[in-house]
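Peer 1: Just a sequence and a predicted model for now, questions to come.
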Amino acid sequence: MKAVPWYMGILLSLCNSQELQTTAGLKQWLVSHEFASEQHDTGLDDADRIAELRDAIRTWVGSGASSRPAPQVVEAVNRAGRRTLLRFSISEDGHGELLAESPSPADEAVGAILAALREALQNGTWLRLKICRDPGCGRMFLDRSRNRSGVWCDMAVCGNRAKARTFRERRRAVGSSPGGP
């Protein structure tokens, strides 16, 4: 399977992380993505801010990535952007990068998340982000199907569960109908 681009990887990781509401969970996420070391401290304000950004992005994707974002989504993303000073830097090999101006690991993470969001919106891959339809899952995933018709994060797990559930419901309906077997 083709590798996920860096910007989609960070958006998927962010949106599928449940532990971001706690300072310990946020620190673990920041360390795993190399925004912080074990020595950095994170505050509840950082956890709340990044969780709010995550929830806004999930809300937008859940309502259909091609749709206009709800006003509360726009405000949450813009609020995150206002609190994080970004600068543009270009390397000798010609690659550009948005970097956070703050020494705070949370600000660096927000800067990277906003840069990833911008990249995904600009190149159209944003339209391939979806939320799994399996009620027990709800993970955000990158739809790699040719016609963008994917509805489950993993066909072997969530898709199979949904098909089995539909099959059982059909069997029950047939078994309980008058004249049924």
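Peer 2: Okay, I see it.
Peer 1: Which parts of stretch 48-57 count as buried, going by neighbours?
Peer 2: When neighbours are counted by 16 or more other CB atoms under 10 Å, the buried residues of stretch 48-57 are found to be 49, 50, 51, 52, 53, 54, 55, 56, 57. Bear in mind the C-beta positions are built from the backbone N, C-alpha and C, glycine included.
Peer 1: List the contacts of the first one.
Peer 2: Residue 49 makes contacts with 80, 83, 106, 110, as judged by CB atoms under 8 Å, 6 or more residues apart in numbering.
Peer 1: Could you tell me which of the residues you listed are located in strands?
Peer 2: Secondary structure assignment by DSSP state E places none of those in strands.
Peer 1: Narrow the residues you listed to those in helices?
Peer 2: Residues from the contacts of residue 49 lying in helices, with DSSP state H as the criterion: 80, 83, 106, 110.
Peer 1: Now that we have those, can you turn them into JSON lines and tack on pLDDT and distance to residue 158?
Peer 2: Output for the ones in helices among the contacts of residue 49, formatted as JSON lines (pLDDT from 0 to 100; distance: CB to CB, whole Å):
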{"residue": "80", "pLDDT": "90", "distance to residue 158": "30"}
{"residue": "83", "pLDDT": "82", "distance to residue 158": "36"}
{"residue": "106", "pLDDT": "89", "distance to residue 158": "32"}
{"residue": "110", "pLDDT": "91", "distance to residue 158": "30"}
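Peer 1: Out of the residues you listed, which end up buried?
Peer 2: Neighbour-count burial (16+ other CB under 10 Å) applied to the ones in helices among the contacts of residue 49 gives 80, 106, 110.
Peer 1: Among those residues, which one lies nearest to residue 13?
Peer 2: Ranked by distance to residue 13 (CB to CB), those are led by residue 110 at 13.9 Å.
Peer 1: Need the nearest residue in space to the closest one, chain neighbours excluded.
Peer 2: With CB to CB, 6 or more residues apart in numbering as the measure, residue 84 is the residue that lies nearest to residue 110, at 4.5 Å, once sequence neighbours are left out.
Peer 1: How many neighbouring residues does the one you found have?
Peer 2: Counted by other CB atoms under 10 Å, the residues lying close to residue 84 total 23.
Peer 1: From residue 53, how far out is it?
Peer 2: In this structure, residue 84 and residue 53 are separated by 10 Å, where distance is defined by CB to CB, to the nearest Å.
Peer 1: so residue 152 touches residue 132, yeah?
Peer 2: Yes. Between residue 152 and residue 132 there is a contact at 5.4 Å, judged by CB atoms under 8 Å.
Peer 1: Overlap in contacts, the two.
Peer 2: Common contacts of residue 152 and residue 132 (CB under 8 Å, 6+ apart): 141, 158.
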